[in-house]
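In: Sequence isn't available, so here's the structure alone:
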């Protein structure tokens, strides 16, 4: 194999590795986004434009909203409210997720809401 062929293979290999690395860094998977909450996943609340994942660890409840398809910035929100308290909210223009938000619920019920664009979900009182 000549020096020119080796050089072409090195350039191609470098380009492939660079592209793969950039994709891994810029496109979070469902597991990466959901892992931003501690504990085990206890609910998934799907809706037309996304899903809210709810996790519980001890007396804490955490939620994150993920769009059905990541892409351009759009309005997203997630909120968790323990019964008797005010909701904790994360709302803004995001590409990949809103949240995580965490509340100490103890043994109390929680109300979880999520929104991506015009689609939304509201759980009602859950995890009682």
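Out: The structure has been received and is ready for your questions. Note that the structure is a prediction, hence the values are computed from the model and not measured.
In: And the nearest residue to residue 128 once chain neighbours are set aside, what's its pLDDT?
Out: In space, and not counting its chain neighbours, residue 128 is closest to residue 109: 4.1 Å by C-beta to C-beta, 6 or more residues apart in numbering. Yep, even glycine has a C-beta here, placed from its N, CA and C like the rest. pLDDT for residue 109: 97.
In: Ok, the one 10 residues further on next?
Out: The predicted structure scores residue 119 at 97 on the pLDDT scale.
In: Now do the same contact list for it.
Out: For residue 119, the contact set (C-beta atoms under 8 Å, 6 or more residues apart in numbering) comprises 47, 48, 49, 50.
In: Apart from its neighbours in sequence, what residue is nearest the third one?
Out: By that I understand residue 49. residue 119 (3.2 Å).
In: so where's this protein uncertain?
Out: Scanning the chain for pLDDT under 70 picks out 1, 3-35.
In: And the helices in it?
Out: According to DSSP state H, the chain carries its helices in the segments 3-26, 30-34.
In: who touches residue 116 in this structure?
Out: Applying C-beta under 8 Å, 6+ apart, the residues near residue 116 are 47, 49, 50, 65, 67, 68, 74, 75, 76, 98.
In: May I ask which of those residues has the most neighbours?
Out: Most neighbours among these, by other C-beta atoms under 10 Å: residue 65, with 31 neighbours.
In: Pull the contacting residues for it.
Out: Counted by C-beta under 8 Å, 6+ apart, residue 65 has contacts 50, 51, 52, 76, 77, 78, 97, 98, 99, 114, 115, 116.
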